[in-house]
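**Student:** Need coordinates for the following:
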Amino acid sequence: MHAASIVTDGDTSRCPLLPVGQPESVGNLLVRNAARLGDHPVLLEKRDGRYHAISWNELQRDVLACASFLRGCGVGPGDRVALVSRNRYEALVVEFSVMGLGAIHVPIFVGYAAAQTNDLLRHAEPVVLFVAGPEQLAKVDPPASVRRVVTFDRTAPDRVTPDRVTFDRTATDQKAASNTGTNEAATRPVWFGAFGAGSQEEARSTTPVTLETPATAGTPATPFTPETSATPVAPVAPARPVTLEELAAVRPETPALMMYTSGTSGEQKGVLLTHDNILSQQRALAAIWKFGPDDRILTYLPWHHSFGGIFEKYTALYNGAPLAIDDSFGKDLPVLLDNWKTIRPTVYFSVPLIHQQLVDHVRSHPADETEIYHRGFRFVFTAAAPLPANISEFFAARGIPVVEAWGLTETAPCCTITDLEERRRIPGMVGYPIPGVTVRIAPDAEVLVQGPNVMKSYFRNDEATARALPGDGWFHTGDLGELLPNGGLRLLARKDRVFKLLNAEKVIPTTIENELAGRNKYIRHVLVVGQAQQFLAALIFPNRALIEEEFGADREAADRVVTASYRSTVDQLNREMQVKYERVLAFAVVDRELSVENQELTPSLKIRVQNVLDSTRSFFEAIYDPLRDCDCEFLSRVTRLVPDRRTCPLGSGRTLDHCSQCRSRRTV
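**Tutor:** Numbers count the residues shown, from 1 in each chain. Take a look at the predicted model:
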């Protein structure tokens, strides 16, 4: 067991197990697995409503073609190549190709607004920019560094005007630009399939691959057979072809990836990670759990984010497990369920929100349980936020192991992980250090990390780098935590989430938020507030999908039952709170969805606290300043759990609860 090997020394915890194998590059991983696995599927992707398989041999062939094209564009070691696209096969080809040249892959979230996308592009200064299609092509404004824009969808260039898309800044074009006083050469974007790397719109030819899906109880296995496809066309740009030896020769310490942080508490920073940063944790995980080509992973987690783009994706790639792209993208439960029944994943990586949706579905549709959590299903993996207690209890009752992990983009990302064989989950514990990683608790309770997974630096941000890596040999995470007697790590909060009440008492709101969300299935998100106020309050965002499923169009009944359940949950938690100032004395129901598009959630579905506080200011005022000129709608959504004893400022001499002038303006 992983847990049994943990060594603790006061404020430090580490795992003495040695990672498996030697440091290597991503290019070497590709060459090694293509030789070992050949026609075994590396990726499964839907076309025309049906999953098709792409083999390791095909991936290697297309990476060589794409890398040769990039070399023809002048891409070399240290150059940045940006990507704006959803998860798809072409994105994987680009990633391996860029890293195989010793260049730096820069994925950018496809859902960002144009302004945010272009801010990141200007910061990254890529040499080549890849985009998925017309929507992304229309919103990018390539910075002066960009020599070539490449689109994955063949029809995209015909849907936009030539001067809106790409500037080919080769030496010849730059000379011409200097003569004309402009640095914009009028060239159209290159179609991805034109230089030999297969595209969704072009067939690929290879030996058909058969993926055997495991049998359900009492039924035979059914083979999954992908289509064959056509030979790719000749490369567009003349260049000395890249060889397998060159892909494998990149040094492990070479920067490979620049991934932007989600910016939950401020600016987004570009994290520079090396090949060894990315793959060191896979070597570590190989010492404590078993993954292989017989596993299948259904993925919706976006690849621009460390959970999906590093941890989940490279867990599959490193171990040769087929990675099936879920085109629900975590937003369409019926599509997710249909894909699940087709792929039948053996492990599922997700944030708690999607685990919650799946469990809610199974509870309301019991017949689907054996198809979702089938006999070959091994365990669920959760990260990015605590798993609610009611979901954890659901899995425990069915004997389904739950693995939880913690880390940051800066640690590529995994630092700690729970033991797969340890079935009893400890509330708040996010696991034990993985092999090769050491965790320390600083005197101020900040969690410090040391290991081969720690980033090189932030890109062009020396000040932030100095704060995170101050030269003491440790990465300062910004998270607060404590070590348990068994060497496990319990997280408390982000340092910047801790605040003080008006009486100067310090509050860690995330602990209370996690308890509330874990106890009530009707809560989608919750934010505990109260900085510089007399008491704590909660902003509750309902689980609208579940409420609509249970109550249908009966909105009045839903409001009555759900609000009563919120009050019961808050009352119960308050009774358990030994510290009085940590009790939640009011809550407001904010009946709308938080969204990534409104910049209230990060792409990994974490709350952007300040943005949400800004957008819910009226609810905040209705809680803490009920006599302010608030809209009655906001006042009516506030529930108070104790009488409001403040004196009426209108001069009646009564408390707010007993003043008729006040009572007519607010709900108590």
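
**Student:** distance of residue 508 from residue 428?
**Tutor:** 11 Å (CB to CB, to the nearest Å). Any C-beta I mention is one placed from the backbone N, CA and C, and that applies to glycine too.

**Student:** ok, now which ones touch residue 390?
**Tutor:** Residues near residue 390 by CB atoms under 8 Å, 6 or more residues apart in numbering: 518-519, 521.

**Student:** Residue 258 in helix, strand or coil?
**Tutor:** strand (DSSP: H, G, I helix; E, B strand; the rest coil).

**Student:** what does residue 503 give?
**Tutor:** Once three-state DSSP is applied, residue 503 turns out coil.

**Student:** how deep is it tucked in, by neighbour count?
**Tutor:** Other residues lying near residue 503 total 9 when counted by other CB atoms under 10 Å.

**Student:** Residue 642 too?
**Tutor:** Neighbours around residue 642, by other CB under 10 Å: 12.

**Student:** Same question for residue 133.
**Tutor:** Counted with other CB under 10 Å, residue 133 comes out at 19.

**Student:** got the domain boundaries for this protein?
**Tutor:** The record assigns the chain these domain ranges, following automatic domain parsing: 50-248, 498-663.

**Student:** Would you mind listing the residues in contact with residue 251?
**Tutor:** Per CB under 8 Å, 6+ apart, neighbours of residue 251: 25, 275.

**Student:** Pretty sure it sits in a strand.
**Tutor:** No: judged by three-state DSSP, residue 251 forms no part of a strand; its state is coil.

**Student:** Please tell me how far it sits from residue 241.
**Tutor:** As for residue 251, its distance to residue 241 is 21 Å (criterion: CB to CB).

**Student:** Please apply the same query to residue 62.
**Tutor:** To residue 241, residue 62 is 13 Å away according to CB to CB.

**Student:** When the two are compared, which one has more neighbours?
**Tutor:** residue 62 (27 against 13).

**Student:** Please tell me I have it right and that one contacts residue 91.
**Tutor:** No: taking contacts as CB atoms under 8 Å, residue 62 lies outside contact range of residue 91: 11.8 Å.

**Student:** and the helix or strand hosting residue 548, what does it pack onto?
**Tutor:** Here residue 548 sits within helix 544-551, counting by DSSP states H and E. Contacts defined by 3 or more CB pairs under 8 Å, 6 or more residues apart in numbering; DSSP states H and E place helix 544-551 against helix 352-364, helix 555-576.

**Student:** could you redo the last one with a cut-off of 10 Å?
**Tutor:** helix 352-364, strand 523-529, helix 555-576 (3 or more CB pairs under 10 Å, 6 or more residues apart in numbering; DSSP states H and E).

**Student:** in the chain, what secondary structure element scores lowest on mean pLDDT?
**Tutor:** Least confident helix or strand, the chain: strand 223-224 with a mean of 28, by mean pLDDT, DSSP states H and E.

**Student:** can you list residues touching both of residue 508 and residue 428?
**Tutor:** Common contacts of residue 508 and residue 428 (CB atoms under 10 Å, 6 or more residues apart in numbering): residue 492.

**Student:** quick one: terminal-to-terminal distance for stretch 442-455?
**Tutor:** Start-to-end span of stretch 442-455 (CA to CA, to the nearest Å) is 20 Å.

**Student:** buried ones in that stretch?
**Tutor:** 445-455 (16 or more other CB atoms under 10 Å).

**Student:** Which residue, other than its chain neighbours, is closest to residue 145?
**Tutor:** Among residues not flanking residue 145 along the chain, residue 125 sits closest, at 4.0 Å (CB to CB, 6 or more residues apart in numbering).

**Student:** how far away is the one you found from residue 459?
**Tutor:** Counting by CB to CB, the gap from residue 125 to residue 459 is 10 Å.

**Student:** More neighbours: these two, which one.
**Tutor:** Higher neighbour count among residue 125 and residue 459: residue 459, with 22 against 16, using other CB under 10 Å.

**Student:** number of nearby residues for the residue lying closest to the more buried one once chain neighbours are set aside?
**Tutor:** Among residues not flanking residue 459 along the chain, residue 270 sits closest, at 3.6 Å (CB to CB, 6+ apart). By other CB under 10 Å, 22 other residues sit near residue 270.

**Student:** Could you verify that residue 453 is part of a helix?
**Tutor:** No: assigned with three-state DSSP, residue 453 falls outside any helix and is coil.

**Student:** surely it meets residue 439?
**Tutor:** No: with contact defined as CB atoms under 10 Å, residue 453 does not reach residue 439; the gap is 11.8 Å.

**Student:** who touches residue 260 in this structure?
**Tutor:** Residue 260 sits in contact with 106-109, 112, 116, 120, 123-124, 267-271, 304-305, 409, 459, 603, where contact means CB under 10 Å, 6+ apart.

**Student:** which residues does it bridge with?
**Tutor:** Counting by DSSP bridges, residue 260 is bridged to residue 270.

**Student:** And it, what's its pLDDT?
**Tutor:** We have a pLDDT of 96 for residue 260.

**Student:** likewise residue 268?
**Tutor:** pLDDT at residue 268 comes out at 88.

**Student:** Okay, now stretch 500-507: how far is its last residue from its first?
**Tutor:** So stretch 500-507: terminal residues 6 Å apart, CA to CA.

**Student:** How about residues contacting that stretch?
**Tutor:** If you take CB under 10 Å, 6+ apart as the criterion, stretch 500-507 is touched by 493, 497-499, 528-536, 579-582.

**Student:** What about those residues, which are in strands?
**Tutor:** Members of the contacts of stretch 500-507 lying in strands (criterion: DSSP state E): 493, 499, 528-529, 536.

**Student:** any common contacting residues for residue 453 and residue 439?
**Tutor:** Common neighbours of residue 453 and residue 439, counting by CB under 10 Å, 6+ apart, are residue 415.

**Student:** so who does residue 242 touch?
**Tutor:** Taking CB under 10 Å, 6+ apart as the contact definition, residue 242 lies against 27, 63-71, 97, 100-101.
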